[in-house]
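Asks: pasting the sequence and the predicted coordinates here, then a few questions.
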Amino acid sequence: MPPKRLSRPWNVIHPTAEVEDGAQIGANTRIWHHVHVRPGAVIGDNCNIGHSVYIDSDAVIGNNVKLQNRVSIYRGVTLEDGVFVGPHATFTNDKHPRSILADGTPVSEEDWSPVPTLVQYGASIGAGAIILPGVTIGRWAMVGAGALVTKDVPEYGLVIGSPARLIGYACMCGRPLHEDETGWCCDICGICYDLPSIPS
């Protein structure tokens with residue numbers, strides 16, 4: 001069976017994907033096998049949404065975003081243009097999660113509010129990373145595979161570990177920078193950035 005096409009040109013949605021009414025999908029975006037997009041989600045132009053990705057209501061995804069297989073993005077999460085998210089990465093949105101209230105009744109939509117999370121332009125999230133709610137990941141930052149991000153990541157910041165810690169900076173090309181007398185520089189691009197030293 002061929003993929004479904006939306007009304008805008010070159011929009012492709014795989015037949016096994018579920019894009020609910022009320023979701024907004026930009027032009028030239030591809031949505032692959034078993035993806036679920038909820039009402040109110042916004043996905044920009046030229047995105048690639050991989051196998052079994054879940055995008056919750058009111059999540060916002062910019063243009064030219066790539067989500068690898070089995071990424072979970074919940075309400076309150078905003079990914080700006082050019083963000084990359086590796087396979088199995090998860091964004092959370094509740095700092096105090098409970099299934100029930102003190103009296104044993106189920107928690108309803110009115111009983112909590114999602115905590116916003118922002119991933120800024122050009123940043124990359126490694127495979128299997130977990131992003132806790134309320135953080136901002138700066139422009140061109142690089143989150144290592146398997147990292148647990150519990151606090152903000154600066155622009156160009158390179159973080160690894162659980163909890164994630166800043167170990168350096170990444171170039172716009174994705175390679176780690178080294179610090180010398182001219183600043184933080186890339187051996188591949190030859191670009192140097194004016195960034196603060198890493199506290200010891």
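Replies: Ah, there it is. None of these values were measured; they are calculated from a predicted model.
Asks: show me the contacts for Leu67.
Replies: Counting by C-beta atoms under 8 Å, 6 or more residues apart in numbering, Leu67 touches Cys47, Asn48, Ile49, Gly50, Val53, Ile61, Ile73, Val85. The way it works is simple: take the backbone N, C-alpha and C, and place the C-beta from them, glycine included.
Asks: repeat that for Pro176.
Replies: Pro176 touches Leu158, Gly168, Tyr169, Ala170, counting by C-beta under 8 Å, 6+ apart.
Asks: which two of the contacts of Leu67 have the greatest separation?
Replies: Asn48 and Ile73 (14.0 Å; C-beta to C-beta).
Asks: which of these two has more residues huddled nearby?
Replies: Ile73 (29 against 16; other C-beta atoms under 10 Å).
Asks: do you know the pLDDT at that one?
Replies: With respect to pLDDT, Ile73 scores 98.
Asks: beta partners of it?
Replies: Beta-bridge partners recorded for Ile73 (DSSP bridges): Ile55.
Asks: contacting residues for the closest residue to Cys185 other than its chain neighbours?
Replies: The shortest distance from Cys185 to any non-neighbouring residue, by C-beta to C-beta, 6 or more residues apart in numbering, is to Cys192 (4.2 Å). Residues in contact with Cys192 (C-beta under 8 Å, 6+ apart) are Thr182, Gly183, Trp184, Cys185, Cys186.
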